[in-house]
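Enquirer: Here's a sequence, model it:
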Amino acid sequence: MSKAKRVFILFSAFLAPATALYCGWTRTFGGGGAESGFSVIQCSDGNFIAAGKTENDGYLIKVNSSGNLIWSKAYDENNRNDNFQQVIQSSDGGYMMIGISVFSSNVSDFWVVKTNGSGDVVWDKLYWSTGMENSGYSIVQCTDGNYVITGWSEIATQNVDLYIVKINNNGDTIFSNRFGDQENNTAFDLKQTSDGGYITCGYDENYGDYEMWLVKFDASLCISWDKEIELGSNSDIANSVLQTSDGGYIVAGYYLNSDFDAVLLKTNSSGDMTWGYAYGNYQDDFFEEVQKTSDGGYIIAGHTASYGNGGKDVWLFKVNSSGSTVFSKTFGGSADDLGYSVKQLSDGGFIVVGYTKSFGYGVEDLYLIRTNSDGVAVEENVITQDPPDNPFISVNAADGNNISIYFELPREDDVRINIYDVSGRLVSTPVSGRYLQGYHRITHQFEKGGVYIYTFETSIFSEHGKILVY
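Expert: Numbering: from 1, shown residues only. You can find the predicted model right below:
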């Protein structure tokens, strides 16, 4: 049985009032530079993994169900300009990320990184069809335990082809091929289908016009069919696709109609459109990822300039099985805040990732949002009471190896709590994000006893103190 660690802190504690019912939260992660999130999943342990970029490196963070950071890691490929476009959890409990590693202005490669469950690199490899630009966007683990990755690869005419590669669990290439004509042909998303094959979506260029493009592959990665879906503009882009229960497909993206409108469309099993709708208003609006929901509808993440608080806002949009709107929610401030990925959670709510320029500490920060099933992200530990004149913090002992950190805010604000050892080394950042007015409680675990220094910072207040753990 673990022994509870006694914690003393050099200021008085206050009694914690009862908390409100859980609904959700918003968090920002990053430093003084630029961090973005492009993909998010719920892990088998109930926590969350988000992938994207930090400055010139790939970026992976793991947070718990309350949005508190468990760990964050940056990944570099030989001092290149790197990013992750998608993360999945593999059957062994580790993670697989695909992204883009840029060597120079016109040379880049598919970049795949395999980690264990703690985010430590097992292997990473580069894939390319030509020595020019190659950009990887999507990865799936197949039913046979191998992986398929896709994106696009530049050809000698400076146009691009869809590029698809099957690799084994060690990253060795099993099969690769490219598909296209003499103009641009891309893939941004990939899913395995119920027949053991695969579906991709992107765009196909025809005489300067971009049309949504679906490509169906069999299990051997030979093309079964491909379909162009023209929506009447010169820029129709499919960003996300998945198979529906009737064997057809749902596709999310955008098209140009004086401004950009978000688009959701349904096809039959042969890729022929059965219905489609545009969503948005008189500014630019985009859908980035669509997922099925437990009630038979669809949840979509994107960004909108037509609605929200100014600039572009993260857009969480839900429709029923026929495409009729169930709810439309925006998140953000007066600057640009974009959403890229969404998943439904085991409790029926949703997790969304993107980036924010309105909140946080850097040029842009990774922006993580958890909502309930109605798309509401209300802080789980906020109560209604008279706010304090200044922010206030206290630390109390808790069960096992954990401590409880309590803080109270006079208004909504960005909050960061860092913990350092006596040598000044940063040990952890248990709190980093935007929190609502009111009272909050966070738990944090120390690995060992000792003397620690904390810093508590908001936009209007800072404080530091000593913690003794033994």
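Enquirer: Tell me where the stretch 1-150 of the chain is predicted with low confidence.
Expert: Applying pLDDT under 70 to the stretch 1-150 of the chain flags residues 1-23.
Enquirer: quick one: the residue nearest to Ser90 when sequence neighbours are not counted from Ile49, how far?
Expert: On the basis of Cβ to Cβ, 6 or more residues apart in numbering, the spatially nearest residue to Ser90 that is not a chain neighbour turns out to be Met96, at 5.3 Å. Any C-beta I mention is one placed from the backbone N, CA and C, and that applies to glycine too. When Cβ to Cβ, to the nearest Å is the yardstick, Met96 and Ile49 sit 11 Å from each other.
Enquirer: intersection of neighbour lists for the two?
Expert: Each of Val87, Gln89 lies in contact with both Met96 and Ile49 under the rule Cβ atoms under 8 Å, 6 or more residues apart in numbering.
Enquirer: and the residue nearest to Ser90, bridged to which residues?
Expert: In this entry, Met96 is beta-bridged to Ile88, Lys114, by DSSP bridges.
Enquirer: same thing with Thr28?
Expert: Beta-bridge partners recorded for Thr28 (DSSP bridges): Tyr367.
Enquirer: Correct me if wrong: it contacts Asp365.
Expert: Yes - because the distance of 4.0 Å satisfies Cβ atoms under 8 Å, Thr28 is recorded as touching Asp365.
Enquirer: Common neighbours of these two, please.
Expert: The contact lists of Thr28 and Asp365 share Thr356, Phe359, where a contact means Cβ under 8 Å, 6+ apart.
Enquirer: between these two, who's got more neighbours?
Expert: Shown here are Thr28 and Asp365; by other Cβ atoms under 10 Å, Asp365 has more neighbours (30 against 23).
Enquirer: With Arg434 as the reference, measure out to that one.
Expert: Here the distance between Asp365 and Arg434 works out to 9 Å (Cβ to Cβ).
Enquirer: and for the two, which residues touch both?
Expert: Shared contacts of Asp365 and Arg434, defined by Cβ under 8 Å, 6+ apart, are found at Thr28, Phe359.
Enquirer: For Asp259, give its distance to Phe287.
Expert: Here Asp259 is placed at a distance of 14 Å from Phe287 (Cβ to Cβ).
Enquirer: of the two, who's got more company?
Expert: The residue with more neighbours, out of Asp259 and Phe287 and counting by other Cβ under 10 Å, is Phe287; that gives 27 against 14.
Enquirer: mind listing what the more buried one touches?
Expert: By Cβ under 8 Å, 6+ apart, the contact set of Phe287 is 239-240, 252-254, 262-264, 279, 300-302, 315, 317.
Enquirer: Could you do Tyr95 as well?
Expert: Under the contact definition (Cβ under 8 Å, 6+ apart), the residues listed for Tyr95 are Ile49, Leu60, Val87, Ile88, Gln89, Lys114, Thr115, Gly117, Gly119.
Enquirer: Which residue, other than its chain neighbours, is closest to it?
Expert: Spatial nearest neighbour of Tyr95, chain neighbours left out: Thr115 (4.9 Å); criterion: Cβ to Cβ, 6+ apart.
Enquirer: give me the number of residues near the one you found?
Expert: 21.
Enquirer: Quick check, Asn206 in contact with Glu228.
Expert: Yes - Asn206 is in contact with Glu228 according to Cβ under 8 Å; the separation is 7.3 Å.
Enquirer: Quickly list what's touching both of those two.
Expert: A shared contact of Asn206 and Glu228, defined by Cβ under 8 Å, 6+ apart, is any residue touching both; here there are none.
Enquirer: hang on, the earlier thing: going by neighbour count, which of the contacts of Phe287 are buried?
Expert: Applying a neighbour-count criterion of 16 or more other Cβ atoms under 10 Å, the buried members of the contacts of Phe287 are 239-240, 252-254, 262-264, 279, 300-302, 315, 317.
Enquirer: Output these in TSV, with secondary structure and distance to Phe407 appended to each entry.
Expert: Output for the buried ones among the contacts of Phe287, formatted as TSV (DSSP: H, G, I helix; E, B strand; the rest coil; distance: Cβ to Cβ, whole Å):
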residue	secondary structure	distance to Phe407
Asn239	strand	39
Ser240	strand	38
Ala252	strand	39
Gly253	strand	42
Tyr254	strand	41
Ala262	strand	38
Val263	strand	43
Leu264	strand	41
Tyr279	strand	39
Ile300	strand	34
Ala301	strand	30
Gly302	strand	33
Trp315	strand	30
Phe317	strand	33
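Enquirer: and which of those is nearest to Ser66?
Expert: Out of the buried ones among the contacts of Phe287, the one with the shortest distance to Ser66 is Ala301. That distance is 21.1 Å, counting by Cβ to Cβ.
Enquirer: Provide a list of residues in contact with the closest one.
Expert: For Ala301, the set of contacting residues under the criterion of Cβ under 8 Å, 6+ apart consists of 287-289, 314-317, 339-342, 352, 354.
Enquirer: The spatially closest residue to it that is not a sequence neighbour pairs with what?
Expert: Beyond its immediate neighbours in the sequence, the residue positioned closest to Ala301 (Cβ to Cβ, 6+ apart) is Val342, lying 3.6 Å away. Applying DSSP bridges to Val342 gives these bridge partners: Val352.
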